[in-house]
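Visitor: model this:
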Amino acid sequence: MNINTETTLCFTGHRPNKLNGYNPNDNKELLFHLRDIIEYHIENHNIDTFITGMALGIDQWAAKIVLKLKLKYPNIKLVAAIPCANHSSKWNNESKIEWNYITEACDYVHYVSDEEYTHWCMNKRNEWMVDNSSYVIAVHNGTKGGTDNCKQYAIKKGKNVVTVHPKTLEVN
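Guide: Down below sits the predicted model:
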């Protein structure tokens, strides 16, 4: 798949332990807000391709929002950026089933590395997502870690970054 970076947006965000837990129902307000921001980008910035890093939490929840929005916007596409060959291997069965469902529903799946998990694969995945996007939605509470690293890389690369605080829902 040839990705037009001008009309592509990627997601970065926290795992469920830095949100309101592992149940998306406990994060409803955040996810409805995220859906509104995604729709804004479709309607006002002509975004037609979304990249998810497929991690637990925001990555997968944003992917599911995009899949649901395909009913309203049939031209949009979802790309999975998989960091390594065994990405979901240590997850519980329910999470693996969810990962498989989303991956199979994607328009394109890109393996950033075909190696087993390494300490650098997540950062390489984040860089690939940012490098192939013009827009980034970061669900970030301000703490250091992978989401912050991805967000800082996007800023350094001159991408359009929208940050959503997962608790206050403040956008900047």
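Visitor: for residue 70, give me its contacts.
Guide: Shown in contact with residue 70 (C-beta atoms under 8 Å, 6 or more residues apart in numbering): 76, 78. C-beta: built from backbone N, CA, C; applies to glycine.
Visitor: give me the pLDDT value at it.
Guide: On pLDDT, residue 70 comes in at 98.
Visitor: ok, it to residue 76 distance?
Guide: Taking C-beta to C-beta, to the nearest Å as the measure, residue 70 falls 6 Å from residue 76.
Visitor: what of residue 83?
Guide: The value you get for residue 83 to residue 76, if C-beta to C-beta is used, is 23 Å.
Visitor: please apply the same query to residue 57.
Guide: 21 Å.
Visitor: comparing the two, which residue is more hemmed in?
Guide: residue 57 (21 against 18; other C-beta atoms under 10 Å).
Visitor: so the more buried one touches residue 12, yeah?
Guide: No. Look at residue 57 against residue 12 with C-beta atoms under 8 Å: they stay out of range, at 10.4 Å.
Visitor: list the buried residues in stretch 30-48.
Guide: 30, 31, 33, 34, 35, 37, 38, 41, 42, 47, 48 (16 or more other C-beta atoms under 10 Å).
Visitor: now do the fourth one, the pLDDT please.
Guide: Which is residue 34. 98.
Visitor: and the second one, by the same measure?
Guide: With respect to pLDDT, residue 31 scores 96.
Visitor: grab the nearest non-local neighbour of it.
Guide: residue 61 (5.8 Å; C-beta to C-beta, 6 or more residues apart in numbering).
Visitor: quick one, what contacts the one you found?
Guide: 24, 27, 31, 34.
Visitor: phi, psi of the last one?
Guide: Backbone geometry at residue 34, expressed as degrees, to the nearest 10, gives phi -60, psi -40.
Visitor: so it makes contact with residue 59?
Guide: No. Counting by C-beta under 8 Å, residue 34 sits too far from residue 59 to count as a contact (11.5 Å).
Visitor: what is the neighbour count of residue 150?
Guide: 26.
Visitor: quick check: next helix or strand after the host helix or strand of residue 38?
Guide: Following DSSP states H and E, one finds residue 38 within helix 28-45. The helix or strand immediately downstream of helix 28-45 is strand 49-52, counting by DSSP H and E.
Visitor: put the alpha carbons of that next one into CSV.
Guide: Extracted in CSV, the C-alpha atoms of strand 49-52 (Å, rounded to 0.1, in the frame of the first residue of the first chain):
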residue,chain,number,x,y,z
THR,A,49,-5.8,7.0,6.4
PHE,A,50,-5.2,6.2,10.0
ILE,A,51,-2.3,4.3,11.5
THR,A,52,-2.5,2.4,14.7
